[in-house]
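A.B. asks: Okay, predicted coordinates and the sequence, questions at the end:
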Protein chains: 2
Amino acid sequence: MNAPHDLPDLARRLGLTREPLPASSKSYLTGSRPDLRVPQRDIRLTNGELVSVYDTSGPYTDPTADIDVKRGLPSVRGAWIEERGDTESYAGRERQAIDDGGKARDGERIEALRAQAAALQRTPRRARAGANVTQMHYARRGIVTPEMEYVALRENGRREWMAEYLADAGREQRLRGDARGARIPEIITPEFVRDEVARGRAIIPCNINHPEVEPMAIGRNFRVKINANIGNSAVTSSIEEEVEKLVWAIRWGADNVMDLSTGRDIHTTRDWILRNSPVPIGTVPIYQALEKVGGIAEDLTWEIFRDTLVEQAEQGVDYFTIHAGVRLPFVPLTANRRTGIVSRGGSIMAKWCIAHHRESFLYEHFEEICEIMKAYDVAFSLGDGLRPGCASDANDEAQFAELRTLGELTQIAWKHDVQTMIEGPGHVPMHMIQANMDEQLKHCHEAPFYTLGPLTIDIAPGYDHIASAIGAAMIGWMGTAMLCYVTPKEHLGLPDRDDVKQGIIAYKIAAHAADVAKGHPGARARDDALSKARFEFRWTDQFNLGLDPETARDFHDETLPKDSSKVAHFCSMCGPKFCSMKITQEVRDYAAQQAADAGMAQKSAEFKAAGGELYIPISKG
Amino acid sequence: MNAPHDLPDLARRLGLTREPLPASSKSYLTGSRPDLRVPQRDIRLTNGELVSVYDTSGPYTDPTADIDVKRGLPSVRGAWIEERGDTESYAGRERQAIDDGGKARDGERIEALRAQAAALQRTPRRARAGANVTQMHYARRGIVTPEMEYVALRENGRREWMAEYLADAGREQRLRGDARGARIPEIITPEFVRDEVARGRAIIPCNINHPEVEPMAIGRNFRVKINANIGNSAVTSSIEEEVEKLVWAIRWGADNVMDLSTGRDIHTTRDWILRNSPVPIGTVPIYQALEKVGGIAEDLTWEIFRDTLVEQAEQGVDYFTIHAGVRLPFVPLTANRRTGIVSRGGSIMAKWCIAHHRESFLYEHFEEICEIMKAYDVAFSLGDGLRPGCASDANDEAQFAELRTLGELTQIAWKHDVQTMIEGPGHVPMHMIQANMDEQLKHCHEAPFYTLGPLTIDIAPGYDHIASAIGAAMIGWMGTAMLCYVTPKEHLGLPDRDDVKQGIIAYKIAAHAADVAKGHPGARARDDALSKARFEFRWTDQFNLGLDPETARDFHDETLPKDSSKVAHFCSMCGPKFCSMKITQEVRDYAAQQAADAGMAQKSAEFKAAGGELYIPISKG
């Protein structure tokens, strides 16, 4: 047992970021039951307005929350799962030494961390014999779960404050967006969410063993979401850093986080992350399975892989990337590529297939995988193991052959009511992006698409978050439901704290640009509130309504560091004497006066006579 | 006279960046005459290959060049202008105290700088009476100028090295791009350039008083270009910084630079920039004219503006932004906008129009402006003074009414054979971008479009280079010829050195993504060379082929700082034990062997028997 007094010390050592964003406070929308409380971030403006925005940051930004990483987050969904009466607690799979990889670290410290992680582990639940506990299963039986209602409230947000900004969209066609086949209703109802999940057009990743999760939906008729990857590695990083990476990622807006750890201690790392994560966590189980066989791909077996799936499902992983579309006959299709197979999971399976000259065990055992998924409500993220690794490999036969297979597998998963999304590329020049969306919609029956970028060019190492945000925004508009971020370190190294933030902000931009272009109800209201603040020289509000208030403020202060300039009626670009926004305000006042008065020529004379000074005469100050 | 020994001291104080980019050297393509030498940057790869890329950096990256900012750059075009025999030297307009603004700095230092600037000033030339010296005029008379030949060689680059990479585009339709109405020939000939300039579909900004310029073309059938803005301000900055800003901007790839200085010393600043600039320089003359009337817009007169045009034309400015489309009847159309008029030039003219209740003097005197332009070959950049300042003002009647007027003015400019491009927005959500290009093409007769971004959302202060690179890439693909950069400081403050670089790199990404999507011949070859280097673990080549080799190397070194890792056959993302690229190489070799051998099952057994190890056994080291 740990004495209570050492908890704050640990939290401090982990350096969890707990401050709310500037001028922001957490509030909750309550649903049809008191334990259904959907978080929002309320931004208080200097003019008294309140702007509420979608909030992924979990309890970490709620100063009233008592956070202890050794205890984990409180359960959000525990009662809902319990009430459904279709699950049972059980002893669970026995922990094995190999779970943390062949070369787990020794030493007292790691043992202590591991013991704490084990203490965190909840007693696992699974479906009772014969039961299916997926959200899709409930949806198809007409059941609206609390998770679905939660998603509906969350997607709508507080519409009250948006009314002023959205009124003009009612008047003007140009502001309504071009949904390109999406059908987003004005108001998202719980029934709409149920219907989308039932059709397979949206998923709510929420393993019954991850009750800490704040439910969210991934689907083309919802807000475009983003995923951030974190992970340890054989080269750098530590477990402590991983939890703060999660907190940091969701602070800036990551809707999902994938734990892509490949080195030692990966079971332990995952315990810590899951118990402290309010967002769905995805993994690529083949990474851990490979660790268990000492990194020798051809030594992988279905039994080891299956055991790893159960291990991770019991821990609470919400979705698994499964590269079941990398089939033996597709491997030779990659032989003439410029960069071959670049997906790690894909290359492992390709190697296994050709070493054994056998069809992939993932493909052959796919129905058995479905049986595991539906016992815990783990969602599929069907991996694109043959995605292109450069622009000139984009949209080739290897890629599309795999995509068609993912469509077939989607049908099998849906037969089991297992929630499914489809992973997509990668590296695709702008003129080839639409074909990716078209092929995915055609072959995968509107299952949510989840793409990595795509990067539109290859010559931007160090700036691939930008090269890929272009492709991500475009494919998000076309119908992709979730965008996997790319950091500035892509292709070069492991992202650090700032890289993670840079990647997330770039992808929040891409996702929001897609929402605005699609005409998602309410998406544009925040832009309008910020533009209004900008026009009215409410500098602080402009900062606080942005995606990164601190950076905006810092950039402004570099030029005009004095606090007085925060209320100044001029911009730092032009200085006090020369400001187009200020001139415009005067022009507008004048034009309004003109309109009210027929004698324009007379007015002109009066204006001149009155001096008509353009600028605040600061030199007289 | 300045003693020679103080020159290096000044250069050092100015801090001009003179180092070539890593592994790069300058070479020149020689045209039909020995003084027609087109610069290229040759990147030497570790495998002996040489990759040549378009080079905007001028003599500054040529270590053999003798640079002295007080003497200015050598003349590139002097002989060509002279040989045409249609210009004459003349005394030029007399320098006036007001040219540097009403509040020019005093003191010995600024006087010394000003004297040096005056010493730099070349004796101005103008067209002989009755002559027209624009490239468009020559083009329409069927004359292929050396400037046109220069552009042709520059656009083609060295095609020899690209052949390997472009061969597959011949085979595969998917790699050819989608030109969306552009018609880019395989090889750009001087005659093609002449024809594009004659039609008004391209411009070559090159004032006869800026003979230092290395000619370049702006047009939809050429590479997409980018512009960087620099400028002093009443709040910060100094003349010395301006020249280095220019050198810094062209080092990273700015094809054009606009000097947007608004404060004191603007005449002097412009002298320094022009005499040291190998790229075309644009200005917004109304900014200086406003300084001359103490910042009171309604005190502006045609006479003061006209005098400013002559002043700047004599200095050698290559294009003028003229907001002649801000007509009196359009001003009230902006009254209901969320952010009114945000263009500085636009708001000055709007204020003037309503103060006098008169039509804009720019519009009324447009033909007289054309007379000045054609006497020096200054190109029009017809300003979009009514561009939207936020997403919800995009594509409104004010914006498009002005655009149609710019189309009318284009016809007038072309009547005088004056080269013309059209400025565009600004702030436009993705779904409204195509309409901007369509309207521009329809009303402006294919005159080159030159847009600022556009920004696709408004909630990214601090990251507007990214929010706008998305829109810039898209509109570049659609047919925009030049993209005006946006820095991270947009809306917040004056960009510093790093902001300028960040803005330029983001826009090089956007422009290159557009070129690749359009299928510009040769654009994709650099991507392919980099991807090949990446696949072959030639880390140094990957860095050096990128847009910013230093940042790429630094990012890599943060994770794997040892020099040995530059040749390591694994990526820093995964570490030595787990590398998908390495696995792929093995898979590829194996697949090739399989294809050559019918007995695949037998091979599989052999492979297993041989151990078939996946990884370099580093632990045995």
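C.D. replies: Received it, and whenever you're ready, just let me know what you need.
A.B. asks: now A:Lys508, nearest residue through space, not along the chain?
C.D. replies: Excluding its sequence neighbours, the residue lying closest to A:Lys508 (Cβ to Cβ, 6 or more residues apart in numbering or on different chains) is A:Gly253, at 4.7 Å. (Glycine included, C-beta is placed from N, CA and C.)
A.B. asks: Also A:Leu21?
C.D. replies: Excluding its sequence neighbours, the residue lying closest to A:Leu21 (Cβ to Cβ, 6+ apart) is A:Pro549, at 6.0 Å.
A.B. asks: what about A:Asp66, how many neighbours?
C.D. replies: 9 (other Cβ atoms under 10 Å in any protein chain shown).
A.B. asks: ugh, wrong one, I meant A:Thr301
C.D. replies: A:Thr301, neighbours per other Cβ under 10 Å, totals 14.
A.B. asks: Check the one 5 residues further on too.
C.D. replies: For A:Arg306, the neighbour count with other Cβ under 10 Å is 18.
A.B. asks: Pretty sure it sits against A:Glu371.
C.D. replies: No - the pair A:Arg306 / A:Glu371 is not scored as a contact, 10.0 Å apart, by Cβ atoms under 8 Å.
A.B. asks: what ranges of chain A fall below the confidence cut-off?
C.D. replies: For chain A, applying pLDDT under 70 flags the ranges A:1-14, A:102-110, A:112-114, A:117, A:168-171, A:233-241, A:560-586, A:590, A:595, A:597-621.
A.B. asks: Show me it divided up by domain.
C.D. replies: By the assignment in the TED database, chain A contains the domains A:11-18+A:52-523, A:575-620.
A.B. asks: what's the spacing between A:Ser27 and chain B?
C.D. replies: Distance, A:Ser27 to chain B, using Cβ to the nearest Cβ, to the nearest Å: 20 Å.
A.B. asks: returning to that earlier point: my reading is that the residue nearest to A:Lys508 lies in a strand. Confirm?
C.D. replies: No - using DSSP: H, G, I helix; E, B strand; the rest coil, the assignment for A:Gly253 is coil, not a strand.
A.B. asks: For it, list the residues it contacts.
C.D. replies: Residues in contact with A:Gly253 (Cβ atoms under 8 Å, 6 or more residues apart in numbering or on different chains) are A:Thr56, A:Ile226, A:Ile504, A:Ile505, A:Lys508, A:Leu547.
A.B. asks: can you rerun that using 6 Å?
C.D. replies: By Cβ atoms under 6 Å, 6 or more residues apart in numbering or on different chains, the residues touching A:Gly253 are A:Thr56, A:Ile504, A:Lys508.
A.B. asks: between those, which is nearest A:Asp527?
C.D. replies: For these, the closest approach to A:Asp527 (Cβ to Cβ) belongs to A:Lys508, at 12.7 Å.
A.B. asks: And the helix or strand where A:Ile504 lies, what's buried?
C.D. replies: Secondary structure from DSSP states H and E places A:Ile504 in helix A:497-518. Within helix A:497-518, the residues that qualify as buried are A:499-518, counting by 16 or more other Cβ atoms under 10 Å in any protein chain shown.
A.B. asks: Isn't A:Ala481 up against A:Phe222?
C.D. replies: No - if you go by Cβ atoms under 6 Å, A:Ala481 and A:Phe222 don't touch, sitting 7.2 Å apart.
A.B. asks: Would you mind writing the CA trace of stretch A:552-562 as CSV?
C.D. replies: Taking Å, rounded to 0.1, in the frame of the first residue of the first chain, the C-alpha atoms of stretch A:552-562 are listed here in CSV:
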residue,chain,number,x,y,z
ALA,A,552,-1.0,33.2,-30.1
ARG,A,553,-0.5,35.4,-27.0
ASP,A,554,3.3,34.8,-27.0
PHE,A,555,3.5,35.7,-30.7
HIS,A,556,1.6,38.9,-30.2
ASP,A,557,3.7,39.9,-27.1
GLU,A,558,6.9,39.5,-29.1
THR,A,559,6.0,42.5,-31.1
LEU,A,560,3.9,44.5,-28.6
PRO,A,561,4.8,43.2,-25.1
LYS,A,562,2.9,45.8,-23.1
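A.B. asks: That one: which residues count as buried?
C.D. replies: Buried residues in stretch A:552-562, counted by 16+ other Cβ under 10 Å: A:Ala552, A:Arg553, A:Phe555, A:His556, A:Asp557, A:Glu558, A:Thr559, A:Leu560.
A.B. asks: any chance of those residues in JSON lines, plus distance to chain B?
C.D. replies: JSON lines is the format used below for the buried residues of stretch A:552-562 (distance: Cβ to the nearest Cβ, whole Å):
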{"residue": "A:Ala552", "distance to chain B": "4"}
{"residue": "A:Arg553", "distance to chain B": "9"}
{"residue": "A:Phe555", "distance to chain B": "4"}
{"residue": "A:His556", "distance to chain B": "5"}
{"residue": "A:Asp557", "distance to chain B": "8"}
{"residue": "A:Glu558", "distance to chain B": "6"}
{"residue": "A:Thr559", "distance to chain B": "3"}
{"residue": "A:Leu560", "distance to chain B": "7"}
